[in-house]
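Trainee: 3D, please:
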Amino acid sequence: MPPKRVLLLFLNTGGGHRSAALAVSEALQELYADQVDVSLVDVTAECFPWPLRELDAIYNRLVGWNGWPWAPIYHLTDSPRRLSPLRDGWCLLTGRPIRRLLHNYAADVVVCCHPLLNAPLKEALRRQPCEIPLITLVTDLASAHAAWFYPPAEICLVATEEAQRRAVACGIPIDSVRLTGLPVRRCFIRAAEEDRGLARRKLGLDPGVPVVLLLSGADGMGPFYALFQALVTTQLRAQLVAITGRNERLAARLTSRRWPRPVHIRGFVENIHEWMRAADVLVTKAGPTTITEALTVGTPMVLSGAVPGQEPPNVPYVTERGAGVWAPEPIQAAETVRELLSPKDGKLRWMTQRAREAGCPDAGEHVAEVIWRSIQR
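Mentor: Below you'll find the predicted structure:
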């Protein structure tokens, strides 16, 4: 039998959509090997014309001012009723490149990993000569915008019970919603089993000194500089690592200063799983992918911010499970880290265990199995 063709589609707005698609691709190939032929496509770069090709930069600008003006846009469009008049215009704008994409990548099943692709994909697949199932993989964690569910796909995969309830509230039949968890790449699952001291040695860190890792998404969003400054000037017996992602200006600003203690500053890295495993504490904004990866590795978090709209519900999701602490001000975050690293405070070990318990390392396999079953049907 020829291999079954799976088409995974995402937009490059943030790193989470790409990461989820990569995780699903790895799980499909590990479970079904040469029985599947997987194609991952960044629709932003490969299909969309200008200015849609600049969606990543547009999104970063919208969330750049503490979430404004992104927050009102998010909330004003967050219902199927409000999306209805926008749907036809968006499908008209994106329909032709989406149809061209489906022509170039023949598929037995299409997996949508971005809410803005859901409506045009549904419309384009309706015009296909043969029926091709559409599966929506929701990459938000404890929340989800209505665009994920309107119009409804044949199958909708969600990470949490909170997202499942949101899907049903938006009109998705309960038997079409699958609770799978949010997929993470295999390297994070393997990193969870690695010795922390060995991980530190591989990265050139002192294996005997605690490590604080500072992240802020793939694009280095939020008050990263103020957080870094607060951590550097706080009396911490720890190694401080800052990873700025694709934000080259931020990396240059950090490296241009002489700091009062040794620090490790990196730009975009491919081995973020190793840095997470090496860390005792992760300071980060409440992005769904970063949270899920940290839970998989077993790294407790100090959540220092949340993009208004999709990310605030992720904060109680972490704190109520005991895997993290909410500290939105830089000085507060630095003081929280100092307290957690205190040898008299046993909370950090407890949080590490809670993080491991809250992880869902099998999510990629669950998603892959749902996709495979949909092809067989």
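Trainee: I'd say residue 305 and residue 290 touch.
Mentor: No. At 11.7 Å, residue 305 and residue 290 do not qualify as touching, with contact defined as CB atoms under 8 Å. In short, each C-beta sits where N, CA and C put it, glycine included.
Trainee: Determine the three-state secondary structure at residue 302.
Mentor: Look at residue 302: counting by DSSP: H, G, I helix; E, B strand; the rest coil, its state is strand.
Trainee: Just the pLDDT for it.
Mentor: At residue 302, the pLDDT value in this model is 98.
Trainee: And it, how close does it get to residue 176?
Mentor: 37 Å (CB to CB, to the nearest Å).
Trainee: Tell me which stretches of the stretch 151-300 of the chain form helices.
Mentor: 161-169, 186-191, 196-202, 224-233, 248-255, 272-278, 288-297 (DSSP state H, counting those that start in this stretch).
Trainee: name the element the nearest residue to residue 51 once chain neighbours are set aside belongs to?
Mentor: Counting by CB to CB, 6 or more residues apart in numbering, residue 51 lies nearest to residue 58, which is 7.6 Å off, once chain neighbours are set aside. Using DSSP states H and E, residue 58 sits within helix 55-64.
Trainee: which helices and strands does that helix pack with?
Mentor: helix 70-76 (3 or more CB pairs under 8 Å, 6 or more residues apart in numbering; DSSP states H and E).
Trainee: Go again with 10 Å.
Mentor: Judged by 3 or more CB pairs under 10 Å, 6 or more residues apart in numbering; DSSP states H and E, helix 55-64 is in contact with helix 43-46, helix 70-76.
Trainee: Kindly present those as CSV, with separate columns for mean pLDDT and distance to residue 131.
Mentor: Listed next are these as CSV, based on pLDDT from 0 to 100; distance: least, CB to CB, whole Å:
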stretch, mean pLDDT, distance to residue 131
helix 43-46, 92, 22
helix 70-76, 92, 33
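Trainee: Out of the helices of the stretch 151-300 of the chain, flag the one nearest residue 370.
Mentor: The closest of the helices of the stretch 151-300 of the chain to residue 370 is helix 161-169. By CB to CB, the value is 14.0 Å.
Trainee: most tightly surrounded among the helices and strands packed on helix 55-64?
Mentor: Neighbour counts (mean count of other CB atoms under 10 Å) averaged over each of those peak at helix 43-46, with a mean of 18.
Trainee: Contact partners for residue 322?
Mentor: 300, 347, 350-355, 357-358 (CB atoms under 10 Å, 6 or more residues apart in numbering).
Trainee: Of these, which is the nearest to residue 120?
Mentor: residue 358 (34.8 Å).
Trainee: hmm, back to that, of residue 305 and residue 290, who's got more company?
Mentor: Higher neighbour count among residue 305 and residue 290: residue 305, with 28 against 25, using other CB atoms under 10 Å.
Trainee: correct me, but residue 355 touches residue 297?
Mentor: Yes. Counting by CB atoms under 10 Å, residue 297 is a contact partner of residue 355 at 8.0 Å.
Trainee: Common neighbours of these two, please.
Mentor: residue 282.
Trainee: Name the residue in the two with the higher neighbour count.
Mentor: When residue 355 and residue 297 are compared for neighbours, residue 297 comes out ahead with 32 against 24, by other CB under 10 Å.
Trainee: quick one: contacts for the more buried one?
Mentor: So residue 297 contacts 184, 187-194, 196, 199, 272-279, 282, 352, 355-356, 359, 361 (CB under 10 Å, 6+ apart).
Trainee: Buried subset of those residues, written for PyMOL?
Mentor: In PyMOL, a selection of the buried entries from the contacts of residue 297 looks like this (16 or more other CB atoms under 10 Å):
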select buried, resi 184+187+188+189+191+192+196+199+272+273+274+275+276+277+278+279+282+352+355+356+359+361
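Trainee: Give me the buried positions along stretch 174-186.
Mentor: 177-178, 180-186.
Trainee: and if you look at stretch 156-175?
Mentor: 156-160, 162-164, 166-168, 170, 172.
Trainee: Next: stretch 109-126.
Mentor: For stretch 109-126, the neighbour count (16+ other CB under 10 Å) marks 109-125 as buried.
Trainee: Start and end of stretch 200-210, how far apart?
Mentor: By CA to CA, to the nearest Å, the extent of stretch 200-210 from end to end equals 10 Å.
Trainee: List the contacts of the residue nearest to residue 51.
Mentor: Contacts of residue 58 by CB under 10 Å, 6+ apart are 13, 51-52.
Trainee: how about the least confident helix or strand in the chain by mean pLDDT as PDB, C-alpha atoms only?
Mentor: Sorted by mean pLDDT, DSSP states H and E, the helices and strands of the chain end with helix 55-64, the least confident at a mean of 85. Output of helix 55-64 as PDB, limited to C-alpha atoms (Å, rounded to 0.1, in the frame of the first residue of the first chain):
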ATOM      1  CA  LEU A  55       1.800  38.100   9.700                       C
ATOM      2  CA  ASP A  56       4.500  37.200  12.100                       C
ATOM      3  CA  ALA A  57       5.900  40.800  12.200                       C
ATOM      4  CA  ILE A  58       2.300  42.200  12.400                       C
ATOM      5  CA  TYR A  59       1.500  39.900  15.300                       C
ATOM      6  CA  ASN A  60       4.600  40.900  17.200                       C
ATOM      7  CA  ARG A  61       3.800  44.600  16.800                       C
ATOM      8  CA  LEU A  62       0.200  44.100  18.000                       C
ATOM      9  CA  VAL A  63       1.300  42.400  21.200                       C
ATOM     10  CA  GLY A  64       4.500  44.500  21.700                       C
END
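Trainee: Show me which residues of that helix are buried.
Mentor: 55-56, 59-60, 62-63.
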